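A.B. asks: can you look at this prediction? I've put the sequence above it.
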Amino acid sequence: MFAVPYKYYTDYKVRRYGAHGTSHKFVSLRVADKMGKDPKDLKVITCHLGNGSSVTAVEGGKVIDTSMGLTPLDGFMMGTRSGGIDPSVVTFIMDKENLSPKEMDTILNKKSGVMAISGISSDDRDICAAQDKGDERAELAHQMQAYQIAKFIGAYTAAMNGVDAIVFTGGIGENGAWLRSKICSYLGYLGVKIDEELNEKTRKGAEAELTNENDKVRVFILATNEELMIARDTKEIVESLKR
């Protein structure tokens, strides 16, 4: 629920819907398998990071919170999306620039985020290349993104009263060694200490655990497979109809 007049929920179904559910479901089940645990016994935070990104808290196999909201615009900064911002920023800019709701929507969804801060691109590969060359705005974009993601992980750890595993997936989640390392650097209070060498060499399609199996909080890189998850869900639905 959002803290707006209740009638907007009853009349227009204004609420948090989230996104990337298929991906979050797949990797939350996959990490349980990797850990040799029943999903019902785990508290997992899954980070689907790409041009569009979201973080989800999965407790006992069920999602209890997710960063995207009514639309995929909410949460933290993405390739071209602003993520969650002070709502007054929207009305302030609309007033100053004399913008229509549609024009403001385009700015927030297609002209903001990493692209806006870096002034370079929405493609993380371009940001990484510029950052390696010392570009300050590319560095700023990455620093902001990592900080915001780490805050969601912290919030969801509190929401679940603990966390057993953190999973990185998606194009950036699987390829973004710098971003993973920076995010994990904020998680020392959880006892997280990753294998930096393994983190640096793990890329898309590979699976790796960046911590040790005896660590209190374990960190994984897992390749998502939304097509397989859809096929499994479809099979389950069809079989339930036959009963």
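C.D. replies: Perfect, I can see it now.
A.B. asks: CA only for contacts and neighbour counts going forward, please
C.D. replies: Fine.
A.B. asks: can you tell me which residue is nearest the centre of this protein?
C.D. replies: Nearest residue to the geometric centre of the chain (C-alpha atoms, centre = their mean): S54, 2.7 Å.
A.B. asks: any idea how far that one is from P39?
C.D. replies: As judged by C-alpha to C-alpha, to the nearest Å, S54 and P39 stand 20 Å apart.
A.B. asks: ok, the nearest residue to E196 once chain neighbours are set aside - contacts?
C.D. replies: Counting by C-alpha to C-alpha, 6 or more residues apart in numbering, S181 is the residue found nearest to E196 once chain neighbours are left out, at 7.2 Å. By C-alpha atoms under 8 Å, 6 or more residues apart in numbering, the contact list for S181 reads I194, E196, N199.
A.B. asks: please pick the buried ones from those.
C.D. replies: Buried members of these, scored by 16 or more other C-alpha atoms under 10 Å, are I194, N199.
A.B. asks: between the contacts of S181, which is closest to V63?
C.D. replies: For the contacts of S181, the closest approach to V63 (C-alpha to C-alpha) belongs to I194, at 25.6 Å.
A.B. asks: so that closest one sits against D215, correct?
C.D. replies: No. Using C-alpha atoms under 8 Å as the test, I194 is too far from D215 to be in contact (10.3 Å).
A.B. asks: what residues does the lengthiest helix in the chain touch?
C.D. replies: Longest among the helix segments of the chain by residue count, using DSSP state H, is helix 136-159. Applying C-alpha under 8 Å, 6+ apart, the external contacts of helix 136-159 come out as 45, 55-57, 65, 67, 76-78, 114, 117-120, 127-128, 130-131, 163, 179-180, 182-184, 186-187.
A.B. asks: can you tell me what sits against the helix or strand bottoming out on mean pLDDT in the chain?
C.D. replies: Of all helical and strand segments in the chain, the minimum by mean pLDDT, DSSP states H and E falls on helix 226-242, at a mean of 92. For helix 226-242, contacts defined as C-alpha under 8 Å, 6+ apart pick out T22, S23, K25, F26.
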